[in-house]
Every structure is written in structure tokens, then in C-alpha cells.
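Student: what follows is a predicted structure for the sequence shown.
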Amino acid sequence: MYRTMRRIRRFEETAEVAYRAAKMRGALHFYIGEEASATGVCAALNEGDFITSTHRGHGHCIAKGARLDKMMAELYGRTTGYCGGKGGSMHIADVASGNLGANGIVGAGVPIAVGAALGSKLRNDGKVTVCFFGDAAGPTGAFHEGVNMGSVLNVPVVFVCENNQYGMATHTEYANAAPVGDRGPAYGMPSERIDGNDVFEVYARAKVAIDRARNGEGPTLIETITYRQKGHTIHDSKGYRDEEEIAKWIARDPIERFKRVALEAKALTDEDLQAIDDEVEEAITQAEEFAEASPWPTLDAIEQDVYV
Amino acid sequence: MAVTSAPDAPAQAATRQIFMSQALHEALDEEMARDPNVFVMGEEVGIWGGAYNVTAGLLEKWGEARIIDTPISEAAIGGAAVGAAVTGCRPVAEFMYSDFMGIAMDQIVNQAAKNRYMFGGAAKLPITYRAPFGAGTGNAAQHTQSLEAWFAHVPGLKVVTCSSPHDAKGLLKSSIREDNVVVFFEHKAIYSMRGPVPEDEYTIPLGLADVKREGSDVSVVTYARQVHYALEAAEQLAGEGIDVEVVDVRTLYPLDVDTILASVNKTNHAVVVYEAARFGGFGAEIASQIQEHGFDDLDAPVLRVAGSHSPIPFSEPLEKGAIPDPERIAAAIRESLQGSR
Ligand SMILES: Cc1ncc(C[n+]2csc(CCOP(=O)(O)OP(=O)(O)O)c2C)c(N)n1
Ligand SMILES: [Mg+2]
């Protein structure tokens, strides 16, 4: 799990540098500070299980097993990217690894996840779908309709609300009449609010919910409480959060916390961690080189893949 | 209504150069001052100041009661505007991107557009739905669409676009004062374009096209950002001795067919330009109006330059290739004139 969190962090830090060097364009939403959420949840999934993701999707994608080189190439808009350059950062899907796709529409993944789980139920394939969404999807109609339908159809889905405290500049408590993680009873399913910066807790609680879903006992709603350390997008430099709040959460950084716990428990040594860091660094360098060397798409691609 | 007309009547009055986003901001601010029933609601219109800065500072000036940050709830934004309007308010409801209007479609199309008619003319719905649209920003398929034809097709909605700070301000003010439902589209690639805007108050009536460049050889009929591409094409072609007229229709519904026909009557050639997918796009309506009412004036078929039949791709070369540009407009103009010169 450390490796995964580290891969997410370094992927995004590297993408930020490339973006600022004008090698990329469009929107770039960083998951930095939230890595434990995707990492803990996806570690509890089996290969072949499904996820739906959001506009802030790099972490979900990497945690589900995506290749860094194809992701980086997608951010660069190159043919070798996961979507041949047609999607970009906000629209990466890696269907082979079970990632049904990031989404530019807040809340839209909720009904889609229910449908994927419905398919699993019909095929009886034993798979579970995890639906990741942000706290600001709590107010959407798609959330309500999707969660309710998932419950009444009793499909194997786990709803994971990643509460990073904000949707753009809007505080989660302003936008949600009640926390998403308290709403389970309203939909006839268990729900809980957990520490989203503690990868061990996330893993343990997700495992319970995923096992429940796999056993045909229905959906669970989990709210992982975390924090968006960076701005909403790379362009966000607005001062709607106070420095103290940001500093408080940086002190609870999920990767640093993991390190502390692992070292104290003597489960890992500094050398172990360094070895993982080195390995990640190599993969990141390779991904960047791959992206930079990849060809741009040609105009004939524009109208390809609109239909089968 | 106090009306001063389009920019072709050169404003004697003092002007200043401002961004389109500022011009829209002024329209909102002035209409809020003029009418206490006007209020603004939408996602991030307050603290953030609007995704494209249009509402920046309005929260501080007018307060939370009239500059309302909403949760991410497009259906509720669309519908709350209906309820507020029928009970006496004059809401300006903002969708952060027009792509998200799909979520509010029932409220806009089945509720707002039909309320007055269904209920026998009982109600008045002075709603303005504002929304950024269009490509060119690398925002990919779900943040770049041009969906204006969807709305122009719905009886009960007026649809307005703008191509300059001057037009943006005058048209938005009229839209807010309008007692019907207006869908007001702002092309996101031109928010930061500057242009002259009068110091004094003015409005521009809905339903009036504007000739942005006079010419005698061919009429390019378009709107929003494509007006600028058409003007660039016209400049290029001037060097080849081709004199291009550029008609900015501005309001899609009601459409100023007379101004379009007058132009075609003069040039005998028409090229319609729009950024949305070509098939079934609003330009097809313009082309159809020209051939129905101006057939005898035409020396060549009405041509269209429009977007590809695809979602807008992310990668820069693909995105550029998916929408019209000055070169493609110029090529269509040459094609239109082939044989008649
Ligand atoms: C339906 C819809 N409305 C508005 C937006 C614009 N938008 C993109 S992300 C965002 C905030 C989302 O916040 P949250 O769901 O909490 O996710 P976070 O960005 O915090 O990860 C908004 C308003 C959108 N993409 N889709
Ligand atoms: Mg959030």
C-alpha cells in the first residue's frame, strides 16, 4: 500500500511540473493528501472487480492497477495514452483493470456503478463495484437516485464518498444538509464515517463492506474523511482556506502517517521504504520519457470511435 | 426600454476597453441595482466568484441573500428559478458549464419553457439561465460542448449568444429584463477578450443580428466565438480581393432572418459557421431559412462550416481539428465563390 500511495503522489507531482512547463493543458485535479482513500479501498478489492471514478481520478486509477506510462501519455494528449489522447486527465478509463472511468460530471458515476453491480448480479460473477465520489456529489440527484436504486435492487456495490472538505470553494457542511456518511439509514444500508488518511482503517472498513456486497448482503455507504492539500485544480490559487487548516491536514498526511506507523511497528525499515521510493522513481521517469517520446494523434482520429 | 443600437453605429459616447467577463459582471451588477427582484444563483458564484470570474465581488456587494452559492444540484438550480420566477422574482441562474444543463433539462424544457403556455398564459417567467459553452480550452468532452440547438428547438425558450464585451453587456441586460425564459450562452474562449464598452448605460434588444463587417462578395453568418474566426478569414481573403460580410446573428431565437436575407441579397453567397457538431446543428436552421426565403438571391448553395461529428477530444491537435477555424472558413468561402467570379 505504501508503494501505491507513493506512486500516486509522485505521479501527480511529476505531472504538475510538466504542466507548469506547458507540456499539458486543460484541467488537472490533484489527489495529493487523499491517497489513503483509494489505496485502502482498492487493496480490499479483487482483480476483476470494478470501480467508477471522478474528475479527481489519478489515485483511483493507479490504486486499481493502471500503468503509469499510459496514464502519463494520456495527460500529455498522446496516442499511446489510455484513451489515445481523447480523454486527458479527467477522463481516464482502464477497463482491463476494472476502472470504468473517471468522470467530468459530478455524481454521474453513482448510477453507473449501480449498473455495473447489477450486471454482476445478473451474471452471478461474484464481482463487486466500488463507486468513488466526492463530498460535493452528495447534493446531486444522481447520488440520491443511484444509492436508492442500488439498495432496492440489492446489488453488490460499495459507495465511497471521499470527503476532502471542499467542492471547489464550497465547504462540505455548506453544501450537504447532513453528512453523506450519516445517510445510510435513509437508504436502508449501513454507513459510516472513517478516517480517510489512515490507510489501515480504510482497508479494514472497506474490506467489511466489500465482503458484505460480495455475499449478496447489499450496498454499504462509507465516507472517508480526508483533505485536498492542493487547490481544486492546478489553476486554483484562491484564498478561501486558511493556512492553519491546510497545515493541520498536511501534518496528518497519509503517506507520512503510514511511514511512522510502519517504522514504529518495525514492519518496515528505512531501507525498505527507500527501496520502494527508488523503484517508484524509476517507474515515474520511465512514464515521463514514454509520454514525451510518444506521437501526437492525427486528425483522422477525430471521428473514430464515436460509434463501434 | 431605453435602447441604443449595435456597435456599427459608432458610439460617440465615451467607452473603455474591458474583458467580456467584466462586461457581463457589469450587466449583472447594474440589473441588481435597478431591480431588487433580480438575484443570482449557481455553483461557485459567490466565494469563488464564478468559474470564469463573472460574479467576482458581487457577493461582497450584494450579500448572500441575492448572490446565492448553491450545492452541486443543477436540477434544483433550474427548477428553483422557475418557482422563484412565477412568484415574482427575476432569477439569473448560472450553470457552471452548459454541459451540465443536461441534468437540469427537465426543469428547463418541461417546466420553465412550458409553464406559461400550459397554464393558459397565467404566469410570467422572467428567468435568465446563463451558461459557458464551446471548445478551445482543452477541457475535453464533458466541458466543451455547444448545445445551443437543443434549446433553440424548444418553444418557450429564447436563446442568446454574444461575441464581444459590448454585445455581452447589452444583451445580458435585455435578457434579465425580458419576461420570457432566456438561455444565455457565453463562449468560454472569449471571456478574456477585450473590447470597447460605453461608459453610459445601454441595452441591446433581443432578436437583432449585427453586421460585424460589411462586404459585397459573400455573407458569413455565424455567432459567438466563430464571429472572430470569420473576421480573421475575412482579413485573409481581403488580400485575395474577396470582400466578406460577417453577420453575427447574436440571438438564435428569435432569429433576425431579415438581416441575414438582406446580406445575402447583396452578396448572393452564404456560408454558415458554427462550432457544434455539423449534423442537426443550429446552422442548419440558418441555412434553411436562407434557401426558403432567399433562394432567388443565391448564386451557389449555402455552405456550412461546423464541428466534427464527435465529442470534443482532449488532445490539442484533435481539439483544433474538431472545430472550425479561419482556414476552413476561408476555404469554404472560396468554394462558395468558385465559378461565380
Ligand atoms: C454536474 C456537475 N456540476 C458541476 C461541476 C463542476 N465541478 C467540477 S468538480 C466540482 C467540485 C466537486 O467537489 P467534490 O465532489 O467534493 O470533489 P473534489 O473536487 O473535492 O474531489 C465542481 C463544482 C461538474 N463537474 N459537474
Ligand atoms: Mg470534495
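Tutor: Here it is on my side, so go on. Ligands and ions are numbered 1, 2, ... in the order given.

Student: state whether B:Ala51 is indeed within a strand.
Tutor: No: counting by DSSP: H, G, I helix; E, B strand; the rest coil, B:Ala51 is not part of a strand but coil.

Student: contact partners for it?
Tutor: Neighbouring residues of B:Ala51 by CB atoms under 8 Å, 6 or more residues apart in numbering or on different chains: B:Glu43, B:Glu44, B:Met96, B:Tyr97, B:Pro132. (Each C-beta comes from the backbone N, C-alpha and C, glycine too.)

Student: A:His144: how many residues sit nearby?
Tutor: For A:His144, the neighbour count with other CB atoms under 10 Å in any protein chain shown is 16.

Student: quick check, it in a strand?
Tutor: No: assigned with three-state DSSP, A:His144 falls outside any strand and is helix.

Student: from A:Leu221, how far out is it?
Tutor: 12 Å (CB to CB, to the nearest Å).

Student: same question for A:Asn124.
Tutor: A:Asn124 is 24 Å from A:Leu221, by CB to CB.

Student: mind checking which of those two has more residues around it?
Tutor: Legend: neighbour count by other CB under 10 Å for A:Asn124 and A:Leu221, higher for A:Leu221 (27 against 8).

Student: got a list of what that one touches?
Tutor: Going by CB under 8 Å, 6+ apart, A:Leu221 touches A:Val147, A:Phe159, A:Cys161, A:Val180, A:Gly181, A:Arg183, A:Gly184, A:Tyr187, A:Met189, A:Pro190, A:Ser191, A:Glu192.

Student: neighbours of the second one, just the number please.
Tutor: The burial metric for A:Phe159, expressed as a neighbour count using other CB under 10 Å, is 32.

Student: surely it meets A:Gly109?
Tutor: No: in this structure, A:Phe159 is not within contact of A:Gly109 by CB atoms under 8 Å, at 9.8 Å.

Student: what touches both of these two?
Tutor: Contacts common to A:Phe159 and A:Gly109, judged by CB under 8 Å, 6+ apart, are A:Cys131, A:Phe133.

Student: who's in contact with whichever residue of the stretch 101-250 of chain B sits closest to ligand 1?
Tutor: Ligand 1 sits closest to B:Ile103 of the stretch 101-250 of chain B, with a gap of 5.6 Å, by CB to the nearest ligand atom. By CB under 8 Å, 6+ apart, the contact list for B:Ile103 reads A:Ile105, A:Thr140, A:Gly141, A:Ala142, B:Glu74, B:Ala75.

Student: show me the shaky parts of chain B.
Tutor: Where chain B drops to pLDDT under 70, the residues are B:1-12, B:341.

Student: can you mark which positions in whichever strand or helix holds B:Ile18 are buried?
Tutor: In this assignment (DSSP states H and E), B:Ile18 forms part of strand B:15-19. If you call a residue buried by 16 or more other CB atoms under 10 Å in any protein chain shown, then strand B:15-19 has these buried ones: B:Thr15, B:Ile18, B:Phe19.

Student: neighbour-wise, which of the contacts of B:Ile103 leads?
Tutor: With neighbours taken as other CB under 10 Å, the top of those is B:Glu74, carrying 27 neighbours.

Student: pretty sure that one is touching B:Ala93, no?
Tutor: No: counting by CB under 8 Å, no contact exists between B:Glu74 and B:Ala93, whose distance comes to 9.4 Å.

Student: next up, the contacts around the closest residue to B:Glu64 other than its chain neighbours.
Tutor: Leaving aside its sequence neighbours, B:Glu64 sits nearest to B:Gly46 (CB to CB, 6 or more residues apart in numbering or on different chains; 7.1 Å). Shown in contact with B:Gly46 (CB under 8 Å, 6+ apart): B:Thr55, B:Leu58, B:Leu59, B:Glu64, B:Ile67, B:Ile68, B:Asp69.

Student: what's near enough to touch A:Lys230?
Tutor: Neighbouring residues of A:Lys230 by CB under 8 Å, 6+ apart: A:Phe30, A:Ile32, A:Gly33, A:Asp236.

Student: OK, contacts around B:Ala123?
Tutor: Contacts of B:Ala123 (CB under 8 Å, 6+ apart): B:Ala85, B:Val86, B:Asn115, B:Arg116.

Student: which SS class is it?
Tutor: Following three-state DSSP, B:Ala123 is assigned to coil.

Student: angles on the backbone of it, please.
Tutor: Note on B:Ala123: backbone dihedrals following degrees, to the nearest 10 are phi -110, psi 160.

Student: residues in contact with the closest residue to B:Ala306 other than its chain neighbours?
Tutor: In this structure, B:Ala306 finds its nearest non-sequential neighbour in B:Arg278, 3.6 Å apart by CB to CB, 6+ apart. Residues in contact with B:Arg278 (CB under 8 Å, 6+ apart) are B:Arg304, B:Ala306, B:Gly307, B:Ser308, B:His309.

Student: kindly report the same for B:Tyr223.
Tutor: Residues near B:Tyr223 by CB under 8 Å, 6+ apart: B:Thr161, B:Ser163, B:Asp248, B:Val249, B:Arg250, B:Leu252, B:Tyr274.
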